[in-house]
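Engineer: The sequence and its predicted three-dimensional model are supplied below.
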Amino acid sequence: MAKGSSMRGNFNRILKVDLSSGQTSHLSLPEEIWFDFIGGSGVGAWLYMKYATPAPDPLSPENPLMVLAGPIVGTNFPGSSRFAICARSPLTRIWGEGTCGGNFGPKLKSCGFDGLFITGKAERPSYLLVEEDQASLRDAADLWGKDTYQTHQLLRGRHEGRRGRAICIGPAGENLVSYANVNNDRGDVVGRAGMGAVMGSKNLKAVVALGARKVSIHDPARYESIRQAALQQIKASTPAASLHAMGTDASMELGMMTGDVPIRNWSVGEDFDLGAKLGGPAMTERYLVRPAACLFCPIACRRVMKNLRGPFAMEEGPGPEYETCCSLGTNLHNRNPEALLKANELANKLGMDTISLGGTLSFAMDCFEKGILSEKETGGIRLTFGDMDAVLKVMEMIAWRQGFGDCLAEGSRRAAARIGKGAEEFAVHVKGLELPYHDPHGWHGMGLAYMVSARGACHLQHLVLPIEQGIASYEGLGLKEDYQGQQSSGKAEMVKIAEDFGIPCNALLLCQFVGWCLKSEDFPSVLSATTGFDYDLNSYLKAGARISLLKRGLNHLMGMTSQDDVLPPRILTPYREGPAAGSVPDQDLLRAEYYVTRGLEADGKPAPRTLDLVGGLLEMKSLLYSEDRSREKGG
């Protein structure tokens, strides 16, 4: 960090809000915290360590909900419009976070704040209006019970048309569904780990941002040079062109050929007809209205779709991403793309993470077809693979916690515990977070990344996907030429590098698709040009290691151990057919090599020497190794 630097990019102002009292205050951090943890969930984890240990119950008023931007958010750098939401997760009971693109992040930054630190519980349903340098609580009685589309429309009309931007929850968040999401302008969502349920527990229906302040840049000329070079790299990028043409679902058919696409609750190794029906080319040809983009992004990977035909008609609106095409498509063995569109629209409106939703539904279908569940438990619904009429009914039941939906609202891990009779075998999760839809049978490095990611199974806490699958190559990181193939040996080294490089990308809140197109030196360069801090590639990677160890330390304070760094039974069961037939990750080898590479103790805690080497974690070292430290075991 530059001596005597005057930081730019961030305002160094976090708005603290106590919903119980309605009081607000401003929090400023030492500059070294911004240098060490960058922004987003990196700074969020530091704030949690500082102000929320020992960890409160996820749905208690004391659990802080943090809405955070990053140092390049509010600039016009491509892919810089994201924001993060962090809290202890009601789904996993460990560290929880999610990020989102769209438009809310820059608008929050334009209010003169780098983020919000929200505690307490409002006396009645409310929303938070954040304006330049101030905030106030407003009554949300007329919004409570409304879906996210209705809520956005009402708030947009109430706050000067399109100048105000909002995030909100739907009925699932209000009813504390453990994987409820937070919605930004209908189609952009903070999906993972149940941040919508944390909002609901606080009687917080929405946050509206309304401001016009500009972010200052330390070295505008250097910044602009880096930005123009990034735009040229994106223009020349094959992955960017594919994402623009067919969205994130562009690679489904290729994924079927490489063993990347889960089918029928992770039990079938191939179904090329299914990929052809739900893949990007078919969905684009039949249902695309136009591509759409996040603010300042030239890729425009988002899909605006519609279907006016048949029983699954869908109004013009956000179409499904790749993860949803798997979660509510291939993994449910659903061959009907129009039913997929309708289910995606309903999940958006109700406010549920489609990854956990689809994983929980496929789990329940497996249990039903194996005789563990019957119509007696499901309320007369035959919950069989491919039956999308049943899926739509159960989705409503989950969001409103009606009947059997109340059980599934807890996610697959707790639902399996409640059902019993061996149901745990069919719940596909790590640490309670349902797996995203990239299959470790075909890519063992992704399996390790799922095992050790801070929030549970995650494909975005790192850059494993583009590195392992050969989508992007980053010089200067010490990566070997070939990490592809269905082998486990040596993957730990790659995963650590991919974490150290990818975690600061999330703290920057730079879109990973843009990151696929850039050179490794572009990341610390734009950070330095914006903030004025002296980042190089080495200090950038060190920040990634520091943030990773901080989050792992928080998880151990919440009761996590090495016994939680495991893959579910379905991932350790080989397929009989397909490109990944007979292949399973060697989880014991992967974990052992990773612990050595990352510098962890046998129980999974960061070793004291490891914490010393990355610096900035003296307080976490004290918390982890204090002799009288009491632990709370996660549920």
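Structural biologist: On my side now, so go ahead.
Engineer: thought Leu408 was touching Val394?
Structural biologist: Yes. Taking contacts as Cβ atoms under 8 Å, Leu408 lies within contact range of Val394: 6.9 Å. Yep, even glycine has a C-beta here, placed from its N, CA and C like the rest.
Engineer: quick one, which of the two is more surrounded?
Structural biologist: Each of Leu408 and Val394 has its neighbours counted (other Cβ atoms under 10 Å); Leu408 has more, 28 against 25.
Engineer: Relative to Cys367, how far out is the more buried one?
Structural biologist: 11 Å (Cβ to Cβ, to the nearest Å).
Engineer: And Ala409, by the same measure?
Structural biologist: Shown here: Ala409 relative to Cys367, a distance of 16 Å by Cβ to Cβ.
Engineer: so what are the domain limits for this protein?
Structural biologist: 14-210, 241-433, 440-449+467-625 (automatic domain parsing).
Engineer: Present those domains as TSV; the columns should include mean pLDDT.
Structural biologist: Output for the domains of the chain, formatted as TSV (pLDDT from 0 to 100):
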stretch	mean pLDDT
domain 14-210	96
domain 241-433	97
domain 440-449+467-625	96
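Engineer: right, so the ones you listed: which one is the most enclosed?
Structural biologist: Highest mean neighbour count among the domains of the chain (mean count of other Cβ atoms under 10 Å): domain 14-210, with a mean of 23.
Engineer: roughly how far is it from the heart of the chain?
Structural biologist: 14 Å (Cα atoms, centre = their mean, to the nearest Å).
Engineer: Who are the contact partners of Leu29?
Structural biologist: Contact partners of Leu29, counting by Cβ atoms under 8 Å, 6 or more residues apart in numbering, are Asn12, Ile14, Val43, Trp46.
Engineer: nearest residue to the first one other than its sequence neighbours?
Structural biologist: Yep, that's Asn12 we're talking about. In space, and not counting its chain neighbours, Asn12 is closest to Ser28: 5.0 Å by Cβ to Cβ, 6 or more residues apart in numbering.
Engineer: Next up, phi/psi of Lys205, please.
Structural biologist: Here is the backbone geometry of Lys205 (degrees, to the nearest 10): phi -80, psi -40.
Engineer: Ignoring the adjacent residues along the chain, who's closest to it?
Structural biologist: Going by Cβ to Cβ, 6+ apart, Lys205 has Ala140 as its nearest residue, at 4.1 Å.
Engineer: just Arg286 next, same as before
Structural biologist: Nearest one to Arg286, counting by Cβ to Cβ, 6+ apart, is Pro337 at 6.9 Å.
Engineer: Output stretch 298-314 as CSV, nothing but the C-alphas.
Structural biologist: Included here for stretch 298-314 are C-alpha records, laid out as CSV according to Å, rounded to 0.1, in the frame of the first residue of the first chain:
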residue,chain,number,x,y,z
PRO,A,298,-20.4,-5.0,-23.8
ILE,A,299,-21.0,-8.8,-23.6
ALA,A,300,-24.8,-8.6,-23.0
CYS,A,301,-25.2,-12.3,-21.9
ARG,A,302,-28.6,-11.8,-20.3
ARG,A,303,-31.7,-13.1,-22.1
VAL,A,304,-35.0,-11.4,-22.6
MET,A,305,-37.5,-14.1,-23.6
LYS,A,306,-41.1,-14.8,-24.0
ASN,A,307,-43.5,-17.6,-24.8
LEU,A,308,-47.2,-16.9,-25.6
ARG,A,309,-48.1,-20.5,-26.4
GLY,A,310,-49.8,-23.2,-24.4
PRO,A,311,-50.2,-24.0,-20.7
PHE,A,312,-46.7,-22.6,-19.8
ALA,A,313,-47.1,-19.2,-21.4
MET,A,314,-44.7,-16.6,-20.0
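Engineer: And Val133, how far from Phe35?
Structural biologist: Slight slip there: residue 133 is Asp, not Val. Going from Asp133 to Phe35 by Cβ to Cβ gives 25 Å.
Engineer: let me fix that: Leu308
Structural biologist: Note on Leu308: its distance to Phe35, by Cβ to Cβ, is 53 Å.
Engineer: Then Thr573?
Structural biologist: 45 Å.
Engineer: and the residue nearest to Arg286, what does it touch?
Structural biologist: Lys277, Leu278, Ala282, Met283, Arg286, Tyr287, Gly329.
Engineer: Tell me which two in the residues you listed are the farthest apart.
Structural biologist: Largest separation among these by Cβ to Cβ: Arg286 and Gly329, giving 14.0 Å.
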